[in-house]
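Asker: predicted structure and sequence below. I'll ask about it afterward.
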Amino acid sequence: MRGLVLLFAIALIGLCAQAAPHAQQVAVERLGLDVFDVVPPSALVRGEPGRMRLQSPECRTLPPAETRRRIVDVAVQEWAFFGFRISDQSDTASGSRRRGPRLGGQEAARVAASIAGYWAVTPEGAWIVERQNDRWNGAQGIGARWNAPWSAAFISWVMCEAGLSGSSRFQRAVAHHTYIDQAIRARDGRAPQAAFTAYDAGETVIEPGDLVCSSRRPAYRTLAERRRQMGVGARSHCDVVVSVGETRGQILAIGGNVRGAVTLKLFPAVRGVGRPLRLAGARDDRPMFAHLKLRAASIEANALHESPTVRTLGCVTGFTAATRTVATNLAAAGISAVRC
C-alpha cells in the first residue's frame, strides 16, 4: 500500500514558532486507493513535460449526502501532496503575510503531471497543456511556470473527484467566474440542479465544503455587482473551506495556484451582531465577495482534522528542516497532535 509517511515528532509542533522563509517542503505521496479511493490527477496524463497529453476523465457521480465530506477530503489530500503549505491571511495592513516560498525546479517537476491532470477535467485543458509543452521545451525547461493560472482547474478537478460529475451540478471551467455565475443563477432559481448557491460574504453560515471567492479585476464587493456582468470574463479566485474555528476566530480554506502550489489559507473570521461568522482580512484590491454554499448536509466544523490524510499521519522521532516546516504549518492549522 502506498501510505502517507510524514517524518516529524509531535513535540516539535509546540516548539516551532515560525518556519524559515526558505525551508524545504516535505514531499508526501497520496494515500493508497485502499485507504482513500481517489484517482490521482496524474493518472489523467501521459508523457513527460514537453510531451504531455491528457486523457478523458470520468468524473464520479455521488449523492449529495456524500459530497460535502468528500470535497474536503480530496482537497486536504492535495494540500498534503504539495507539502502542507500555508498562507496566513491575517496581516493585510502591513502586507507581511506568511506565504512561503514558490515551488523550486525539482518540486515543480514532481507536481507537473498533477497540475496537468487538473486541467484534464476542463473543456479547454488540452490546448492549455499543449501550450505549456512549448514552454517546457524552451530555455527554462521544467522550471517554466504554467502559462495559465490553474486555480479554477484545481477546483474543477476536486468537484470531479468529489462526485459532481454533470455540468448541471457543477460547471467545470478554466475560470472561476463560470461556476460562480452558475451559483448565482441557482440563487435566482435558474439552475435548480446546481450543487452550489451563491450568497454575499457573511450572508449565511459558512461550512466545510463551501467555496469562498474573491475578485480582482473587476473588484466586486457584492453579488449584485457581478449580476450586472454575468457571462463576462473576470479575474477571480475561489478556495475550498475545510475548517471553521469559532473559538479560534479562524476559517481555513484550500486553493490551487497559490504561489504555484495547493495551499491552505488561514483567514481571520469575525462575527457581527446577529450575523454568521464571516471571513476578514481580504485585501482591498481583492475583496471576498461571494460565498458559494453547497446544497448538502452539514458535517463537523473541524472537518480538516477528520480527513483521511490527517488521520493517517505517521510520526517517528528525528528532526530535519523539512519536517520542522511541516510541523509548524500543521500547528498553524490547529493540528496539535496526530494519531500514531
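Answerer: Arrived safely.
Asker: packing partners of the strand or helix carrying Val241?
Answerer: Applying DSSP states H and E as the criterion places Val241 in strand 235-245. Other helices and strands packing on strand 235-245, by 3 or more CB pairs under 8 Å, 6 or more residues apart in numbering; DSSP states H and E, are helix 64-81, helix 151-162, helix 176-187, strand 211-217, strand 250-258, strand 261-271. Backbone N, C-alpha and C define where each C-beta goes, glycine included.
Asker: partner strands of that strand and their direction?
Answerer: Based on DSSP bridges, the pairing partners of strand 235-245 within the sheet are strand 211-217 (antiparallel), strand 250-258 (antiparallel).
Asker: who wins for proximity to Gly189 among these?
Answerer: strand 211-217 (19.9 Å; CB to CB).
Asker: for the strands paired with strand 235-245, which one sits closest to Arg30?
Answerer: Among these, the nearest to Arg30 by CB to CB is strand 250-258 (14.7 Å).
Asker: how far off centre is the closest one?
Answerer: 5 Å (CA atoms, centre = their mean, to the nearest Å).
Asker: would you point out the helix or strand in the chain whose mean pLDDT is lowest?
Answerer: The least trusted helix or strand in the chain, going by mean pLDDT, DSSP states H and E, turns out to be helix 10-15, with a mean of 28.
Asker: next structured bit after it?
Answerer: Toward the C-terminal end, the helix or strand that comes next after helix 10-15 (DSSP H and E) is strand 45-46.
Asker: direction included, what does that next one pair against?
Answerer: Strands that pair with strand 45-46, judged by DSSP bridges, come out as strand 53-54 (antiparallel).
Asker: assign the closest residue to Ile184 other than its chain neighbours to helix, strand or coil.
Answerer: Nearest non-adjacent residue to Ile184, counting by CB to CB, 6 or more residues apart in numbering: Ala198, 4.4 Å away. For Ala198, the reduced secondary structure class is strand; criterion used: DSSP: H, G, I helix; E, B strand; the rest coil.
Asker: in the stretch 101-250 of the chain, what spans have low per-residue confidence?
Answerer: Screening the stretch 101-250 of the chain residue by residue with the criterion pLDDT under 70, one finds the ranges 101.
Asker: centroid-nearest residue for the chain?
Answerer: Residue closest to the mean C-alpha point of the chain, counted by CA atoms, centre = their mean, is Gly255 at 2.5 Å.
Asker: quick check: bridge partners of the residue nearest to it when sequence neighbours are not counted?
Answerer: In space, not counting the residues next to it along the chain, Gly255 is nearest to Asp239; the distance is 3.6 Å by CB to CB, 6+ apart. Using DSSP bridges, the beta-bridge partners of Asp239 come out as Val212.
Asker: who's in contact with Asp239?
Answerer: For Asp239, the set of contacting residues under the criterion of CB atoms under 8 Å, 6 or more residues apart in numbering consists of Leu211, Val212, Cys213, Ala253, Ile254, Gly255, Lys265.
Asker: make it 6 Å
Answerer: By CB atoms under 6 Å, 6 or more residues apart in numbering, the residues touching Asp239 are Val212, Ala253, Gly255, Lys265.
Asker: same question for stretch 119-131: list its buried residues.
Answerer: Judged by neighbour count using 16 or more other CB atoms under 10 Å, the buried positions of stretch 119-131 are Trp119, Ala120, Val121, Thr122, Gly125, Ile128, Val129.
Asker: likewise stretch 214-223?
Answerer: Burial within stretch 214-223, assessed by neighbour count using 16+ other CB under 10 Å, is assigned to Ser214, Ser215, Ala219, Tyr220, Arg221, Leu223.
Asker: who's in contact with the fourth one?
Answerer: In this structure, Tyr220 makes contact with Arg226, Phe289, judged by CB under 6 Å, 6+ apart.
Asker: does it count as helix, strand or coil?
Answerer: State at Tyr220, reduced to three classes by three-state DSSP: coil.
Asker: and it, how far is that from Ala261?
Answerer: Taking CB to CB, to the nearest Å as the measure, Tyr220 falls 26 Å from Ala261.
Asker: cool, the last one as well?
Answerer: Using CB to CB, one gets 29 Å for the distance from Leu223 to Ala261.
Asker: cool, and the fifth one?
Answerer: From Arg221 across to Ala261, the span is 28 Å (CB to CB).
Asker: what of Leu313?
Answerer: According to CB to CB, Leu313 stands 19 Å off from Ala261.
Asker: more neighbours: those two, which one.
Answerer: Of the pair Leu313 and Ala261, Ala261 is the one with more neighbours under other CB atoms under 10 Å, namely 24 against 21.
Asker: now the phi/psi pair for the closest residue to the more buried one other than its chain neighbours, please.
Answerer: Distances taken as CB to CB, 6+ apart put Phe82 closest to Ala261, at 4.5 Å, once the chain neighbours are dropped. Note on Phe82: its backbone torsions stand at phi -90, psi 10 [degrees, to the nearest 10].
Asker: can you add distance to Gly104 and give the strands paired with strand 235-245 back as CSV?
Answerer: Below are the strands paired with strand 235-245 laid out as CSV (distance: least, CB to CB, whole Å):
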stretch, distance to Gly104
strand 211-217, 26
strand 250-258, 16
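Asker: and of those, who's closest to Arg102?
Answerer: When the strands paired with strand 235-245 are ranked by distance to Arg102, counting by CB to CB, first place goes to strand 250-258 at 10.0 Å.
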